[in-house]
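# make a model of this:
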Amino acid sequence: MATGNPIRSSSMRGGVVPHSVHDAVDANGWTVRAASRQGDTRQKTRRQDAYAVRHGGGRIAVVVCDGVGAAEHSHLAAAAASAALAEHLLTAELEVSGDWTAHLKVASLAVTRAAGDLLGNRAPSLGAVYSVMATTATALVVEPTDIGQGPWLAHTATVGDSSAWWRRTRGGALGFEPWLLMSGGRLTRHQIATSGALVLPLPDDAVVTGASFEIGPEELLLVCSDGVADAFDDGSSAVAASFASGWSNPPRISDLADRIAFDADRQVDDRTVVGVWTPR
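Residues are numbered from 1 along each chain as shown. Got it, this is the predicted structure:
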């Protein structure tokens, strides 16, 4: 059975939400770097993003969640959802570009339980949960990570406007190649009015479909909250180009928080990034 060897879930440590956190893991030629930083402190009282990473049994599972700012306790939702979903995905049966609804219901249940603990109600209604907390989520699973040179499969799904991105890091290309959006991304006005605005916990009739990609050596997968994804735009923006350059090789752990401290117009949200580098 796979065991959930964790990078620490990052919303709260010792009951406190730190301004920024960063973590790293290296296993079987795979490299993971994670960083989360609070947005504009003049407009935010605490960081509401969270991430969780688990590895074991030939898989790496990454989840990034962005707590919905309109609900006061959404940092609790992000922490609960990211930890529960990452652990679940280590052993879950995943179909190629298949239905992720059941997997995301695991995260939904974790959020509902967190809200129930807060409200003193073991079975709160969806409306009651939304009144105190909700979160987006993007999940990424890479497998099998215990084989040498690949190819490997990357599965991903998103609820809300967090996202996953992909690009090659190996040399030989001339100029900057835009990032490929794998899942999620900025919501349009139409999506906000329809299913694209789903958050966790999911309503009973929600359906979420994932996407799967074949990946090779010397490639980089990024999972990020909208504080980064919005600045990526379509994957060809100046911020996206800066990430392509600055993250072509895994940053030093001490540099991680600074690597997501870019300046961009109107970008005041929390910023969270988890990078996964495939073996060379």
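# now the helix or strand where S82 lies - C-alpha only, PDB.
Per DSSP states H and E: S82 is located in helix 74-89. The C-alpha coordinates for helix 74-89 follow below in PDB (Å, rounded to 0.1, in the frame of the first residue of the first chain):
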ATOM      1  CA  SER A  74     -11.900  29.700   4.000                       C
ATOM      2  CA  HIS A  75      -8.300  29.100   5.000                       C
ATOM      3  CA  LEU A  76      -9.600  26.200   7.000                       C
ATOM      4  CA  ALA A  77     -11.400  24.900   3.900                       C
ATOM      5  CA  ALA A  78      -8.200  25.200   1.800                       C
ATOM      6  CA  ALA A  79      -6.200  23.300   4.400                       C
ATOM      7  CA  ALA A  80      -8.700  20.500   4.900                       C
ATOM      8  CA  ALA A  81      -9.400  20.000   1.100                       C
ATOM      9  CA  SER A  82      -5.700  20.000   0.100                       C
ATOM     10  CA  ALA A  83      -4.600  17.500   2.700                       C
ATOM     11  CA  ALA A  84      -7.500  15.100   2.200                       C
ATOM     12  CA  LEU A  85      -7.400  15.100  -1.600                       C
ATOM     13  CA  ALA A  86      -3.700  14.700  -1.900                       C
ATOM     14  CA  GLU A  87      -3.800  11.700   0.500                       C
ATOM     15  CA  HIS A  88      -6.700  10.100  -1.400                       C
ATOM     16  CA  LEU A  89      -5.100  10.500  -4.800                       C
END
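# which other residues reach the helix or strand that it is followed by?
As assigned by DSSP H and E, the chain's next helix or strand after helix 74-89 is helix 101-119. Here helix 101-119 makes contact (C-beta atoms under 8 Å, 6 or more residues apart in numbering) with 63, 73, 76-77, 79-85, 88-89, 92, 94, 122-124, 128-129, 132-135, 137, 139, 157, 159, 200-202, 206-208. In this view, the C-beta of every residue, glycine as well, is placed from N, C-alpha and C.
# that's all I had, so thanks and see you.
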